[in-house]
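S.K.: need a 3D model of the following:
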Amino acid sequence: MPHAAPTTALSLLGGRLLVVAAAVLWSTSGIYAKSPVFESWPLAERGLLFAFWRSLFAAMVLAFLVRRVSWNWRILVSGLTFAFMNVTYLSAMAYCEVGLAIWLQYTSPLWVLIIGYVWLGERPARREWPIWLLILSGILVILLGQPGHASRWGIMLGLLSGIGFAGVVITIRWIRNIDPAWIVFVNHALTAIILLPLIVLRGTWPASAQWPMLALFGALQMGLPYVLFARALRSVDSQEASALTLLEPMLGPLWVMIFYSSLAHYEPPSWGTLIGGAMILLGLATRYARVWRQGPTLAKTKTLGE
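M.R.: Here you go, the predicted structure:
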């Protein structure tokens, strides 16, 4: 049986660059979700429409990653949870500023902790409590620091997307022996299948100028980064890769500012989002750094696509 080639300094650098490239592409979600091209779509339906078309085009790209097909009823649970996360996240991004939606979804490790503690009896080490308190404090700062006109609906959807992301992470644990590329493909394909009847019933279809944006949204912002990330995990430890993907929430609001700050509907990040996001970032970075120092872990494909 052939053995995998040892990781060299060059391959490690290449892997890190691939993770950075994936994080940069993931961070562009706001460019598509906030594009004036989609202003004709009803705000209440926009997240649903984005979730369907992004998942459809992403599945087309991810299909080329699949090497081993298998089935387990738990894959269905994972797919349903992923669909919920996808819709709530993109709906939150439609209702509120991008930084707020991203950081609220990045609270998922806290929800994983709570779910694991309540239902699975998993108790975190005492030395990790300051990290979780910092993340929780960041969430409170974000919620309390929003201006009076901030969308309460958008904030609620953002929190739900974080809980949905936590659910995806937990369901992935159930099926960790299945090909990760197959799981990710099924998640996107199943999301598109579930949402298709709703899309047909609503009857809102893309106009000519929207098609290329939707194709790029699915293929370039979601599909291609998964390909790059999967390739990077051949040489980069999963904890280091997870830490590098923290570039995503930092860059997301920046892209929106660069592309759309001159438009009347542009929403800059509030002080609560900036300060609270920095606290969440510090907490997550500390957590990843601590786990990474404990030694390499089994590489796993990133389960989210924002």
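
S.K.: the helix or strand residue 248 falls within: which residues count as buried?
M.R.: Counting by DSSP states H and E, the element that carries residue 248 is helix 247-260. Residues 247, 248, 249, 251, 252, 253, 255, 256, 257, 259, 260 are the ones in helix 247-260 that count as buried (16 or more other Cβ atoms under 10 Å). Just so you know, the C-beta spots here come from the backbone N, C-alpha and C atoms, and that holds for glycine as well.

S.K.: any idea how far residue 33 is from residue 102?
M.R.: Applying Cβ to Cβ, to the nearest Å, the value for residue 102 to residue 33 is 11 Å.

S.K.: so between the two, which is more surrounded?
M.R.: Counted by other Cβ atoms under 10 Å, residue 102 and residue 33 do not tie: residue 102 has more neighbours, with 28 against 25.

S.K.: what's the helix holding residue 248 in contact with?
M.R.: Residues outside helix 247-260 that contact it (Cβ atoms under 8 Å, 6 or more residues apart in numbering): 20, 23-24, 26-31, 34-36, 97-99, 102-103, 106, 266, 268-269, 273, 277, 281, 306.

S.K.: and residue 56, backbone torsions?
M.R.: When read as degrees, to the nearest 10, the backbone of residue 56 gives phi -60, psi -50.

S.K.: closest one of the buried residues of helix 247-260 to residue 42?
M.R.: Ranked by distance to residue 42 (Cβ to Cβ), the buried residues of helix 247-260 are led by residue 260 at 19.9 Å.

S.K.: list the buried residues in stretch 40-55.
M.R.: Neighbour-count burial for stretch 40-55 flags 41, 46, 47, 48, 49, 50, 51, 52, 53, 54, 55 (criterion: 16+ other Cβ under 10 Å).

S.K.: the second one - nearest residue in space that isn't next to it in sequence?
M.R.: The reference is to residue 46. residue 94 (4.2 Å; Cβ to Cβ, 6 or more residues apart in numbering).

S.K.: on that earlier part again, so which of the buried residues of helix 247-260 is the closest to residue 220?
M.R.: Distances from residue 220 to the buried residues of helix 247-260, taken by Cβ to Cβ, are shortest for residue 255, at 12.9 Å.

S.K.: what's around residue 100, how many residues?
M.R.: 29.

S.K.: what about it, distance to residue 167?
M.R.: Distance from residue 100 to residue 167, by Cβ to Cβ: 21 Å.
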